[in-house]
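Undergrad: Need a 3D model of the following:
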Amino acid sequence: MKTLKSLILVLGVILAWNLNAEPDREVTDGGLGVKEPSPQAAEPADKPATPATPARPKTPSEVLAEQAEQKRLAAMPKRPDTKDVTAAYEAYTNNFNTIRDTYRNELRKIYAVMIKADARNPELDPIDMELSLMPDKSVGQDRPDRLDRGYGSIAIFKNAACLAAQTKFNKAYEDAQKGYLMALAKAAAAADKAGKKKEAKAIKAYYEDLYINNMQRLPMDGPVEAIIKKVFDNPAEVSVKDTVKADLKQDTRICDKDKRLVWTEIPEDLAGLGLHFSMYRDAGKARTDFKVGKAGYVMMACPSIRTVGCMQMEGLEKDGWQHLPIPLLKTSSGDMAVLVRFCKSGEEFSIQTEMHRAPVILTK
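TA: Next comes the predicted model:
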């Protein structure tokens, strides 16, 4: 009898514990089926919590760069959620992934041959080579609504085989971009024909944004002369605040009221083109404000430091500015890189540096 009573008591305790316990809850989280532990699995409340490491406060540069990126994303037309657009996007993404993987595999084969032929060369580090095949941008992930040319610079060796693979990749990528844009144009026309005016307008806005910010980007792997010619064959009309136009020549003042700040060396690629620049009126100028009238390419010389406008240089690159592959413009107080961007009519820019040298606009 004692044994039976003891058994009933134990069963009662177990039953009570099960009734009070909360079972594990399954959290789908996109079909992953991740288990969320019940409260019983948590650590006792009386156990002293490990103090969390305080987050590093963001620098002014990081804050401004984040604000600029949020502003850019907010202004970017969203991909319309229609059947035709979604189908076109999925087809483009699959096409891009195939092109990218083919390019990576070709580079791996080239790298393997290079290592076998020159195994003692410390520059031929297999780990570095593999890392070069893993850029941080991908269609459908980080920037799903941008057609990104970034993969064209994966190859870290500029030999004939790598350059041939790179050229082949760029051509296939450009064809994929054109195919995607053509599909979007057909989707807009179909919506317009069906009387879906609002849908057609949204698709057209998305199409135009992709076209201007991507198809109008310059392929920087071509001859510099051809790149510069394309820029000045289709220049934007720009109004730069508080500046005057001056000739871009050696020993010319960059600031009208500062004799010490002058151009000391103009790259051969720009010398002789008869270029002008936006000369500051006042000394100590750190900000350049300009507005685009007629759409076209804008060329800008910017301090070649990695922070611009208390904003990372990457912020300008994400906003569509491209580095022209020429030597730096030299001044009496530092070097300036040359950037280009296709700008839409009505766009306004305000770019500030952390030095007493604001960016200048170059025109012909």
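
Undergrad: what stretches of the stretch 251-364 of the chain score poorly on pLDDT?
TA: For the stretch 251-364 of the chain, applying pLDDT under 70 flags the ranges 283-284, 304-315, 354-356.

Undergrad: All the helices of it, in order from the start?
TA: For the stretch 251-364 of the chain, the helices defined by DSSP state H, counting those that start in this stretch cover 313-318.

Undergrad: Can you list the buried residues in the longest strand along the chain?
TA: Longest strand of the chain, by residue count under DSSP state E: strand 334-343. By neighbour count with 16 or more other C-beta atoms under 10 Å, strand 334-343 contains the buried residues 336-343. To be clear about C-beta, it is placed using only N, CA and C from the backbone, and glycine gets the same treatment.

Undergrad: could those residues be laid out in TSV, adding distance to residue 219?
TA: Below are these laid out as TSV (distance: C-beta to C-beta, whole Å):
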residue	distance to residue 219
336	23
337	18
338	16
339	16
340	12
341	14
342	13
343	18
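
Undergrad: farthest pair in these?
TA: Largest separation among the buried residues of strand 334-343 by C-beta to C-beta: 336 and 342, giving 20.7 Å.

Undergrad: surely residue 259 meets residue 251?
TA: No - here residue 259 lies out of contact with residue 251, judged by C-beta atoms under 8 Å, at a distance of 10.6 Å.

Undergrad: can you pull out the strands in the stretch 151-300 of the chain?
TA: Along the stretch 151-300 of the chain, counting by DSSP state E, counting those that start in this stretch, strands occupy 238-240, 243-247, 253-255, 258-265, 276-280, 287-292, 296-303.

Undergrad: Which one, of the ones you listed, ends up nearest to residue 317?
TA: Using C-beta to C-beta, those put strand 296-303 closest to residue 317, at 11.1 Å.

Undergrad: Which elements pack onto that closest one?
TA: For strand 296-303, the elements it packs on are helix 224-233, strand 334-343, strand 360-363, judged by 3 or more C-beta pairs under 8 Å, 6 or more residues apart in numbering; DSSP states H and E.

Undergrad: now for the longest strand of the chain, which elements pack on it?
TA: Under the contact criterion of 3+ C-beta pairs under 8 Å, 6+ apart, strand 334-343 touches strand 296-303, strand 322-323, strand 329-331.

Undergrad: Give me the pLDDT for residue 143.
TA: Each residue has a pLDDT score; the one for residue 143 is 37.

Undergrad: what does the one 10 residues further on give?
TA: Per-residue confidence (pLDDT) for residue 153: 42.

Undergrad: next one: residue 156
TA: Confidence score, pLDDT, at residue 156: 58.

Undergrad: So which of the buried residues of strand 334-343 is the closest to residue 291?
TA: Nearest to residue 291 among the buried residues of strand 334-343: residue 343, at 9.6 Å, using C-beta to C-beta.

Undergrad: Can you tell me the closest non-neighbouring residue to residue 280?
TA: Distances taken as C-beta to C-beta, 6 or more residues apart in numbering place residue 255 nearest to residue 280, at 4.3 Å, with adjacent residues excluded.

Undergrad: which residues does the one you found contact?
TA: 261, 279-283, 285 (C-beta atoms under 8 Å, 6 or more residues apart in numbering).

Undergrad: which of those are buried?
TA: Buried members of the contacts of residue 255, counted by 16+ other C-beta under 10 Å: 261, 279-280, 285.

Undergrad: Put together TSV for these, with distance to residue 271 on each row.
TA: As requested, the buried ones among the contacts of residue 255 are exported to TSV (distance: C-beta to C-beta, whole Å):
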residue	distance to residue 271
261	19
279	18
280	22
285	24
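
Undergrad: Since that was my last question, I'll sign off now.
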